[in-house]
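# whatever this is, show me its structure:
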Amino acid sequence: MANVVIIGAGIGDISATYELRATLGKKHSITLINDTPFFQFTPSNPWVGVGWRTKEDIVVKLDDLMTRYGVGFIQQGVKRVHPEANRLELQDGRSVDYDILVIATGPELAFDEIEGLGPNGHTQSVCTTDHATGAHAAWEAFCKDPGPIVVGAVQGASCFGPAYEYAMIMDKELRRRKIRDRVPMTFVTSEPYIGHLGLGGVGDTKGLLEHELRQRNIRWVTNAKVDRVEAGKVFVTEFTEDGIERKKHEINHKYAMLLPAFRGIAALRGIDGLVNPRGFVIVDKHQRNPKYPNVFGIGVAIAIAPLEQTPVPTGVPKTGYMIESMVTAAALNITAMLAGQEPISEPTWNALCLADFGDRGVAFIAKPQMPPRNVNWSGEGKWVHLGKIAFEKYFLSKVRSGVSEPYFEKAFMRLLDMHKVKRPAA
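The predicted structure is shown next:
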């Protein structure tokens, strides 16, 4: 009997746990290790930030749930991975041996790379549910004495969708409270243009997102490097398309939310052959590490080279649909390996995203994620807002019920049909 160990409990981790339980049956043991006692549905965090959801609405406790589905659960952080010894060193001093390791930890949030950035500085975050809960407390205080807002994503960020979502959702909530007229808003992003998303744009995301920002009276600064943040001010350097400094900005704020750059967790950083210099797991086309073939990486924890060199560094996002394909490939390949076969399954790495703006939204499909593409489609409307709500409800029910089947594309196409939106050409 082999022991398969999974680190993390996000969308990729929980999906991998269930898919491996389904493919491996009871022949092998599965252990899930996570530093918190719950799964959190990260895509709902922008709603938590304005009070449209609470933490309790979007988290699921793991201990009893894992027991129910025959999975061991250890609530503990990992201090160090020792791949040469097939061993994990935990924060409490314990060790866990493994035959197969799946690294799906998500990222470490690199707030410290910019002075004054993050919840311990002068900006809020919606990267974790606890951060979003703190952002909501600050939001309620802000709404009693409103002023300028700065929102966006800093240099090196690879996840831009939540920044756009939070900007639009805040706009919607401010209008609902009838105080929008007292709140100048500025969107600051390292992207070379609005709607780039780290993907070179998808369909007309540039036009769609620029339109939304204009309609909502939100100014923007692109090619922006955040130099530092102080109480009440964000200091930004704007660059030209050629990477030449164009302008210095001092943008006032009473409330700011800036997404940070990501890096691999400390337990991984510096392990030669396992991770890149940024600490992300190196994987081949089977989601397997080339140096340590019994180690797999999925989700935000893996290394993907940037699409292109941009004047200000931007990373590549890993969306739920893309992660789902990684999970399925990894689960099939692990099952094959434990049966004495060579892995042959490859993920599609396609991108599908629903960005909710509080009353409508923008969706896109990129097949493959990196251009040139076979499918390069984007759309907008109220159906996106409704679809994001449905996705949240379905995924949380899937987690609670131990369902392992992939569903992103099937559910998305059904959503288009329900709202009479023309499907993208295959």
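# what about the closest residue to residue 307 other than its chain neighbours, how many neighbours?
Take residue 307 and drop its neighbours on the chain: the residue closest to it by Cβ to Cβ, 6 or more residues apart in numbering is residue 200, 5.4 Å away. All C-beta spots, glycine's among them, are computed from the backbone N, C-alpha and C. Neighbouring residues of residue 200 were enumerated by other Cβ atoms under 10 Å; the total is 22.
# again, but for residue 56
Residue 56 has 8 nearby residues by other Cβ under 10 Å.
# quickly note the distance from it to residue 398.
According to Cβ to Cβ, to the nearest Å, residue 56 stands 18 Å off from residue 398.
# swap in residue 194?
Counting by Cβ to Cβ - residue 194 and residue 398 are separated by 33 Å.
# which one of these two has more residues nearby?
residue 194 (23 against 16).
# contacts only, for the more buried one.
187, 206, 209, 210, 213, 220, 222 (Cβ atoms under 8 Å, 6 or more residues apart in numbering).
# what residues does the helix or strand bottoming out on mean pLDDT in the chain touch?
Scoring the helices and strands of the chain by mean pLDDT, DSSP states H and E places helix 408-418 at the bottom, with a mean of 86. Under the contact criterion Cβ under 8 Å, 6+ apart, helix 408-418 has outside partners 320-321, 324, 350, 352, 354, 363, 365, 383, 387, 390-391, 394, 421-423.
# just the ones of the contacts of residue 194 in helices?
Among the contacts of residue 194, the members found in helices (DSSP state H) are 206, 209, 210, 213.
# and the residue nearest to residue 24 when sequence neighbours are not counted, helix, strand or coil?
Nearest residue to residue 24, sequence neighbours excluded (Cβ to Cβ, 6+ apart): residue 335, at 6.0 Å. Following DSSP: H, G, I helix; E, B strand; the rest coil, residue 335 is assigned to helix.
# out of the ones in helices among the contacts of residue 194, which is nearest to residue 51?
Distance to residue 51 across the ones in helices among the contacts of residue 194 (Cβ to Cβ) is lowest for residue 213, with 23.0 Å.
# residues contacting the closest one?
Neighbours of residue 213 in contact, by Cβ under 8 Å, 6+ apart: 167, 187, 194, 219, 220.
# with residue 95 instead?
Per Cβ under 8 Å, 6+ apart, neighbours of residue 95: 87, 88, 89.
# what pairs with the last one across the strands?
Note on residue 89: beta-bridge partners by DSSP bridges are residue 80, residue 95.
# surely it and residue 77 touch.
No: judged on Cβ atoms under 8 Å, residue 89 makes no contact with residue 77 at a distance of 10.3 Å.
# need the residues touching each of the two.
Counting by Cβ under 8 Å, 6+ apart, the residues touching both residue 89 and residue 77 are residue 267.
# picking that back up, buried ones only from the contacts of helix 408-418, please, as a PyMOL command.
Listed next is the PyMOL selection for buried residues among the contacts of helix 408-418, using 16 or more other Cβ atoms under 10 Å:
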select buried, resi 320+321+324+350+352+354+363+365+383+387+390+391+421
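# thank you, goodbye.
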